[in-house]
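[1] can you look at this prediction? I've put the sequence above it.
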Amino acid sequence: MPESLSEQLRPKSFADLFQPEQIVDALSKMAARKSMVNMLLYGSPGTGKTSLGYMVVHALGNNFVDFNGARDVGSDLIHRIEQAASSSGIGEGLRVCFIDEADKLSKKDQIQLRGIIENVGKHSRFLLTANNIRQFDRALKSRCMPICFDIPALMVEEVIARVLPRYIARLRDLEVALDERRIEQLFRLHFPDLRALANRIELEAMCSDESAA
């Protein structure tokens with residue numbers, strides 16, 4: 001089954017991210033140094049948190065393990081996370097535990113995770129994502145560097161000017177037949193929700209193809 005357009009358009013490099021340039025540069029340099037602090041990426045759905053998470057852990061090497069707070073449910077989840085974080089893993093350097101949708105963890109699990117982060121700090125780091133920061137334990141949040149993925153209004157134009165040309169070029173590489181002016185209109189309408197934007201472009205491109213036929 002072919003990938004959806006939203007999957008094909010996932011950010012592949014730090015330059016593809018919708019975040020302000022100073023944040024993108026800082027994350028890129030951190031990955032290049034092969035070092036990181038515990039981080040919490042939070043913000044609206046579809047803004048690239050998961051994509052960035054995988055960019056970071058892959059840039060650091062192959063010594064990582066990933067979980068999903070919404071999908072990997074069960075009474076032993078925290079135990080599995082603790083075992084993974086305590087293990088030296090298969091690669092060199094830091095052991096990274098990537099927990100996507102960590103805000104879906106129960107309050108009890110979040111409290112336990114807080115203790116795990118403290119206990120394994122010598123050789124492991126945690127990268128967490130969350131859609132709803134209000135569901136996050138405050139003490140757990142304080143143990144991570146928070147990065148908000150919601151774009152400040154004053155920075156929207158700067159981000160669009162930087163990312164839109166790359167986005168259009170990628171659509172051309174994928175042979176998506178949609179007028180550039182319309183792409184920009186949709187970009188501004190759905191920004192910064194990458195998933196909603198890709199789904200809308202895919203729908204309109206399909207309708208355009210059917211009309212042409």
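    Perfect, thanks for sending it.

[2] so what are the domain limits for the protein?
    Domains of the chain are assigned by automatic domain parsing as 21-150, 154-212.

[3] out of these, flag the one nearest Ser6.
    Nearest to Ser6 among the domains of the chain is domain 154-212 (3.7 Å), distances taken as Cβ to Cβ. No exception for glycine: its C-beta is placed from N, CA and C like everyone else's.

[4] and the closest one, how far out from the chain middle?
    Here the centre of domain 154-212 is set off from its chain's centre by 19 Å, with Cα atoms, centre = their mean, to the nearest Å.

[5] average pLDDT across it?
    Average pLDDT, domain 154-212: 86.

[6] spell out the residue ranges of the strands in the chain.
    Remark: strands assigned in the chain by DSSP state E are 39-42, 64-68, 95-100, 124-130, 145-148.

[7] now tabulate those strands in a markdown table and tack on distance to Phe187, mean pLDDT and mean neighbour count.
    A markdown table is the format used below for the strands of the chain (distance: least, Cβ to Cβ, whole Å; pLDDT from 0 to 100; neighbours: other Cβ atoms under 10 Å):
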| stretch | distance to Phe187 | mean pLDDT | mean neighbour count |
| --- | --- | --- | --- |
| strand 39-42 | 22 | 94 | 24 |
| strand 64-68 | 29 | 91 | 19 |
| strand 95-100 | 25 | 92 | 23 |
| strand 124-130 | 23 | 93 | 25 |
| strand 145-148 | 21 | 91 | 15 |
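
[8] before we move on, back to that, right, and the domains of the chain - which one's nearest Glu3?
    Checking those against Glu3 by Cβ to Cβ gives domain 154-212 as the closest, at 10.1 Å.

[9] report the central residue of the chain.
    With distances taken as Cα atoms, centre = their mean, Lys49 lies nearest the centre of the chain, 1.9 Å away.

[10] one step back: put together TSV for the strands of the chain, with distance to Leu9 on each row.
    What follows is the strands of the chain, written out as TSV (distance: least, Cβ to Cβ, whole Å):
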stretch	distance to Leu9
strand 39-42	19
strand 64-68	21
strand 95-100	19
strand 124-130	19
strand 145-148	21
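
[11] Provide the backbone phi and psi angles at Glu101.
    For Glu101, the backbone dihedrals are phi 50, psi 50 (criterion: degrees, to the nearest 10).

[12] how close does it sit to Ser86?
    22 Å (Cβ to Cβ, to the nearest Å).

[13] with Arg181 instead?
    Arg181 is 54 Å from Ser86, by Cβ to Cβ.

[14] more neighbours: which of the two?
    Ser86 (13 against 8; other Cβ atoms under 10 Å).

[15] give the contact list for the nearest residue to that one once chain neighbours are set aside.
    The shortest distance from Ser86 to any non-neighbouring residue, by Cβ to Cβ, 6 or more residues apart in numbering, is to Val120 (5.7 Å). Going by Cβ atoms under 8 Å, 6 or more residues apart in numbering, Val120 touches 82, 85-86, 95.

[16] now swap in Ile168 and tell me
    180, 183-184.

[17] how about a cut-off of 6 Å?
    180, 183 (Cβ atoms under 6 Å, 6 or more residues apart in numbering).

[18] report how many residues lie close to His123.
    Residues near His123, counting by other Cβ under 10 Å: 14.

[19] how much space between it and Arg182?
    Remark: distance between His123 and Arg182 (Cβ to Cβ) = 50 Å.
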